[in-house]
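**Student:** coords please:
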Amino acid sequence: MLSTAGALGATAAVPATAGCSRVESGNTLDRLRSQGTVRLGIAGEVPYGYVDEQGEFTGEAPELAKIVFRRLGIPDVQPVATDFASLIPGLNSQQFDVVSAGMYITKERCAQVVFSDPEYQMLDAFVVRKGNPKGLRSYEDVVRAGATFATGTGYAQIGYAVAAGYPEKDIVILQDQVAGLNAVESGRVDVFAGTALTAREVVRKSRWAEATEAFAAVVDGKKRVDAGGFAFRPTDSALRDAFNTELRKMKKSGELFRVMKRFGFTRDEMTTLTAEELCR
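**Tutor:** Numbering: from 1, shown residues only. Prediction:
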């Protein structure tokens, strides 16, 4: 994602002024309550935030947003679709009020936005041809095999492949996981990397491709377990705090898992991690 949604380098494309905002601190929650609408930035990645076949926006993050913002006194949730790499710039330029895309919480992104606590944690997986003919089960395998590697725009997996030694200039960047599946099925690439949930969902009906077992990327000798949350402008910490209050209630009651389960999440993908821990 994750993805989602890169953790180690793709955020460099965000303008240096992206952290600035014209919204006055502390006013946003009152403003949203007054207007009755919150604008959500989504990126079209199943199952995190996307538009379904009926033209309705859904996914774990938008559905969670509908519940939380309704409880905060904001009944109308309005999606604003963009590509993943444009989510943080769009948030900070006020195209929308919050990023609702299951975005991974990383130290680099924490320098540009403030995150809610994560609603899930996630490992990575690959989409490969049936039978995984090149035996690709890690980023290191991709490098050793000299495989043609693809992932999505702004995905954290870009940085993970580079950390394993894959040349960034050789990475094939595709629009989303569906484009990744098509590229693998057609033989244009050997592997498409995404979150484990994204990979297993996109291959569900494929005759020619499969998802590998989930695995943790290794960066600087340490295994990474990523977690995704909602992103807010730095001046909107009060809005983030109000969101967190409701989110923690849902975690404690089990309601959060009931929402997430509808989109393929398992109990192993629930988390007690906090944004503060992930931003260090």
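**Student:** once you drop chain neighbours, what's closest to residue 118?
**Tutor:** In space, and not counting its chain neighbours, residue 118 is closest to residue 227: 3.6 Å by C-beta to C-beta, 6 or more residues apart in numbering. Any C-beta I mention is one placed from the backbone N, CA and C, and that applies to glycine too.
**Student:** thought the one you found was touching residue 115?
**Tutor:** No: the criterion here is C-beta atoms under 8 Å, and residue 227 misses it with residue 115 at 9.4 Å.
**Student:** okay, and the common contacts of these two?
**Tutor:** 105, 278 (C-beta atoms under 8 Å, 6 or more residues apart in numbering).
**Student:** how many neighbours does residue 95 have?
**Tutor:** Residue 95 has 14 neighbours, counted by other C-beta atoms under 10 Å.
**Student:** then stretch 125-142 to CSV, C-alphas only?
**Tutor:** Extracted in CSV, the C-alpha atoms of stretch 125-142 (Å, rounded to 0.1, in the frame of the first residue of the first chain):
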residue,chain,number,x,y,z
ALA,A,125,3.2,-10.1,-0.6
PHE,A,126,3.9,-10.5,-4.3
VAL,A,127,1.6,-11.2,-7.3
VAL,A,128,3.4,-13.8,-9.5
ARG,A,129,2.5,-16.2,-12.2
LYS,A,130,0.9,-19.5,-11.1
GLY,A,131,3.4,-21.8,-9.5
ASN,A,132,5.8,-18.9,-8.8
PRO,A,133,8.3,-20.1,-11.5
LYS,A,134,11.1,-17.8,-10.3
GLY,A,135,10.6,-18.6,-6.6
LEU,A,136,10.1,-15.0,-5.6
ARG,A,137,9.3,-14.8,-1.9
SER,A,138,11.2,-11.7,-0.8
TYR,A,139,12.7,-8.5,-2.3
GLU,A,140,16.1,-10.2,-2.0
ASP,A,141,14.8,-13.0,-4.2
VAL,A,142,13.8,-10.5,-6.8
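**Student:** relative to the whole chain's centre, how far out is that stretch?
**Tutor:** 22 Å (C-alpha atoms, centre = their mean, to the nearest Å).
**Student:** just the buried positions in stretch 251-258, please.
**Tutor:** 251, 256, 257 (16 or more other C-beta atoms under 10 Å).
**Student:** what comes into contact with it?
**Tutor:** 64, 67, 119, 247, 249, 250, 265, 267, 270, 272.
**Student:** which non-adjacent residue is nearest residue 49?
**Tutor:** Excluding the flanking residues, the one nearest residue 49 by C-beta to C-beta, 6+ apart is residue 42, at 3.6 Å.
**Student:** that neighbour and residue 86, how far apart?
**Tutor:** 11 Å (C-beta to C-beta, to the nearest Å).
**Student:** please apply the same query to residue 256.
**Tutor:** Separation of residue 256 from residue 86 (C-beta to C-beta): 27 Å.
**Student:** got the buried residues for the helix ranked longest in the chain?
**Tutor:** Across the chain, the longest stretch assigned as helix under DSSP state H is helix 237-253. By neighbour count with 16+ other C-beta under 10 Å, helix 237-253 contains the buried residues 239, 240, 242, 243, 244, 246, 247, 250, 251.
**Student:** for stretch 160-173, same thing?
**Tutor:** 160, 161, 162, 163, 164, 166, 171, 172.
**Student:** find the pair from those with maximum spatial separation.
**Tutor:** Within the buried residues of stretch 160-173, 163 and 172 form the most distant pair, 17.7 Å apart (C-beta to C-beta).
**Student:** and the contacts of stretch 213-225?
**Tutor:** Contact partners of stretch 213-225, identified using C-beta under 8 Å, 6+ apart, comprise 7-8, 121-125, 137-140, 157, 159-160, 163-164, 196.
**Student:** let's go with 6 Å and repeat that
**Tutor:** 121, 123, 124, 125, 138, 160, 163, 196 (C-beta atoms under 6 Å, 6 or more residues apart in numbering).
**Student:** name the nearest of the residues you listed relative to residue 149.
**Tutor:** Using C-beta to C-beta, residue 160 is the member of the contacts of stretch 213-225 that lies nearest residue 149, at 10.5 Å.
**Student:** what's the burial count for the closest residue to the closest one other than its chain neighbours?
**Tutor:** Distance criterion C-beta to C-beta, 6+ apart; nearest residue to residue 160, sequence neighbours excluded, is residue 217 at 3.9 Å. Burial of residue 217 is recorded as 24 neighbouring residues (other C-beta under 10 Å).
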